[in-house]
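A.B. asks: Just need the structure, nothing else, for what follows:
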Amino acid sequence: MISLCRDNTKAFYGRATCVKTEGEPELQLPDQIADRFVSTYVLDLMSEKDAESLIDAAYRLLQPGGKLCLASLTHGVDLVSRTVELLWNAAYRVSPKMTGGCRPVELAKYIRSGKWAVAHNATMVEYGVPSEVLIAKRL
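C.D. replies: The predicted structure is shown next:
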């Protein structure tokens, strides 16, 4: 994944950094070092406590006005996506390994007022799988 990240951010050499972690939500980087924090399909793998810790770490790392960009598996919004979510949750209950450890989450619940201003929050559905995309600005 680090190689893929580096390949995809080559055009931003010197500005974009890909950081490999062992999955811990607290990132050992200086405060207010970044203008963007991107996390895609990670919070749906984490416990609620770890997801909250990751959002807190993003807040610490972002400069005022910096943007938090998140994408995650989420709850269904129409008949097909709700059916997919129902089946996904059933498989997760039987064995989280069947879903790669992912489960639907609501990203917006991690965004605390007074710290963030939500600029964009939408649910998109592809092949019946619902994804939430959220962009928030650090206040």
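A.B. asks: If the closest residue to W116 other than its chain neighbours is in a bridge, with which residues?
C.D. replies: Residue nearest to W116 in three dimensions, not counting chain neighbours: A136, with 4.1 Å by Cβ to Cβ, 6 or more residues apart in numbering. C-beta: built from backbone N, CA, C; applies to glycine. Beta bridges link A136 to L68, V118, judged by DSSP bridges.
A.B. asks: so A136 sits right up against L62, yeah?
C.D. replies: No - in this structure, A136 is not within contact of L62 by Cβ atoms under 8 Å, at 9.7 Å.
A.B. asks: which neighbours do these two share?
C.D. replies: Residues touching both A136 and L62 (Cβ atoms under 8 Å, 6 or more residues apart in numbering) are L68.
A.B. asks: Looking at those two now, which is surrounded by more residues?
C.D. replies: A136 (27 against 22; other Cβ atoms under 10 Å).
A.B. asks: Give me the pLDDT value at that one.
C.D. replies: The model reports A136 with a pLDDT of 98.
A.B. asks: again with L29
C.D. replies: 84.
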